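# Need coordinates for the following:
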Amino acid sequence: MVIIYPLCQCVRCSSFFLSFPLEFVTVLIFYVFQVVFSLYLALFKVLEPGKSYRNLLAGKLFKMDTAERAKGPKYECLLFDMDDTLYPLSLGLNLACRKNIEEFMLHKLHIEESEVPRMCLELYREHGTTMAGLKALGYEFDDDEFHAFVHGRLPYETLKPDPVLRNLLLSLPQRKIIFTNSDKAHAAEVLKRMGLEDCFEGVICYETLNPPLETENNMDALDNDAVIAGGEPEPSDFDGTAATGSKKILKNALDNGISSKSRILCKPSLEAIEAAIQIANVDPKKTIFFDDSARNIASGKAAGLRTVIVGSSVLVPGADHGLRNIHNIKEAIPEIWEDEGEQSEQVIQSTAVETVVHA
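Numbers count the residues shown, from 1 in each chain. Got it, this is the predicted structure:
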């Protein structure tokens, strides 16, 4: 004001400003000075290519853009269960798998036939998988033999390529990882049959969560690579973090005197969810977890994940969203694409496919 006031005295000599009060002219010139100075800062200190001068001078949009860039994308990773999530329960693989498990219990473990169905169901409910329950009870059998018997005889021919789901997955801007209790061979076969083997960065499966462990002295051997689709290790997928979560948990089990042979890490245990988060090296607050199991969803929410129950539009405890079918992601959760900005307009519109599933 000290500088501007004398300037106004000089300006008053002009006929144009003689009709205006001195105070009005002073305020006017001060305002013009502010605008010019702000424009100078915008041009040489602040403004980025492509930004609007009008939005910059208004200030609000520029501040909001800065805050958004500092915060980063809303979602960075999507964790997908595989069986009965990427394909519908109605295909019958779940039922066939259960039948194979019962036959394994009957013919390989020689469990009383009348007890098999009840044990199969009860162990599944209590331990997450029947296999985990059998191990906990002290039954000894080779893991690979079990998986070959249970999954090797599944009717995989019922699985067909799913181009709609493939295009949908490829349009998602986030990292995409499979998180399944099944073994790597089964995961690879399912993804291959559906034409989705290259849609995911990696697969966290039975072998990932339960690496070989004999004694505490070989813990360093657990620093292996995460198992990816196809069953081959890939250091670049989860470099430096693969098996870290399961390694810590299994080490704790040894410290507590629990035999590794009877300890199987799997969903829906909170430990398994947290191990997967560490293995994938993701921020749970920026990760969405898709699963068809209400128990897994509850554990995922407890671990801090954003959760989506697949197979039902009715929310279960802990679910943030419900999908009748995996094809309905875009319709139900459009904010997944919001980080893409204008590119989201190019996303292939998937057709919502309703599939009847049974609880």
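
# The stretch 151-300 of the chain: strands as residue ranges?
Using DSSP state E, counting those that start in this stretch, the strands of the stretch 151-300 of the chain run over 175-179, 202-204, 287-291.

# Pipe those strands into a markdown table and attach mean pLDDT and mean neighbour count per row.
Every residue, glycine included, has its C-beta placed from N, CA and C. Below are the strands of the stretch 151-300 of the chain laid out as a markdown table (pLDDT from 0 to 100; neighbours: other CB atoms under 10 Å):
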| stretch | mean pLDDT | mean neighbour count |
| --- | --- | --- |
| strand 175-179 | 98 | 22 |
| strand 202-204 | 98 | 26 |
| strand 287-291 | 98 | 27 |
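
# Relative to I277, which of those is closest?
The closest of the strands of the stretch 151-300 of the chain to I277 is strand 287-291. By CB to CB, the value is 7.3 Å.

# Name the strands paired with that closest one and say parallel or antiparallel.
Strand 287-291 pairs in its sheet with strand 77-80 (parallel), strand 306-310 (parallel), by DSSP bridges.

# what sits up against that strand?
75-81, 85, 174, 179, 267, 273, 277, 280, 296-297, 300, 305-310, 323, 326, 333, 336 (CB atoms under 8 Å, 6 or more residues apart in numbering).

# just the angle between that strand and strand 175-179, please?
Orientation check (axes from the mean of the first three to the mean of the last three CA atoms, to 10 degrees): strand 287-291 against strand 175-179 gives 40 degrees.

# by contact count, what packs against the helix or strand containing I101?
Assigned by DSSP states H and E, I101 belongs to helix 93-107. In terms of contacts (3 or more CB pairs under 8 Å, 6 or more residues apart in numbering; DSSP states H and E), helix 93-107 is packed against helix 116-127, helix 130-136, helix 143-151.

# Identify each buried residue in that helix, please.
Neighbour-count burial for helix 93-107, counted by 16 or more other CB atoms under 10 Å, picks out 93-94, 96-98, 100-102, 104-106.

# Only C-alpha atoms, please: export that helix in PDB.
Presented in PDB, the C-alpha positions along helix 93-107 are these (Å, rounded to 0.1, in the frame of the first residue of the first chain):
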ATOM      1  CA  LEU A  93     -16.100 -78.600  -9.700                       C
ATOM      2  CA  ASN A  94     -16.700 -77.900  -6.000                       C
ATOM      3  CA  LEU A  95     -18.900 -81.000  -5.600                       C
ATOM      4  CA  ALA A  96     -16.500 -83.200  -7.600                       C
ATOM      5  CA  CYS A  97     -13.600 -82.000  -5.400                       C
ATOM      6  CA  ARG A  98     -15.500 -82.800  -2.200                       C
ATOM      7  CA  LYS A  99     -16.300 -86.300  -3.600                       C
ATOM      8  CA  ASN A 100     -12.600 -86.900  -4.400                       C
ATOM      9  CA  ILE A 101     -11.600 -85.800  -0.900                       C
ATOM     10  CA  GLU A 102     -14.100 -88.300   0.700                       C
ATOM     11  CA  GLU A 103     -12.700 -91.100  -1.500                       C
ATOM     12  CA  PHE A 104      -9.100 -90.200  -0.500                       C
ATOM     13  CA  MET A 105     -10.200 -90.400   3.200                       C
ATOM     14  CA  LEU A 106     -11.800 -93.700   2.600                       C
ATOM     15  CA  HIS A 107      -9.300 -95.500   0.400                       C
END
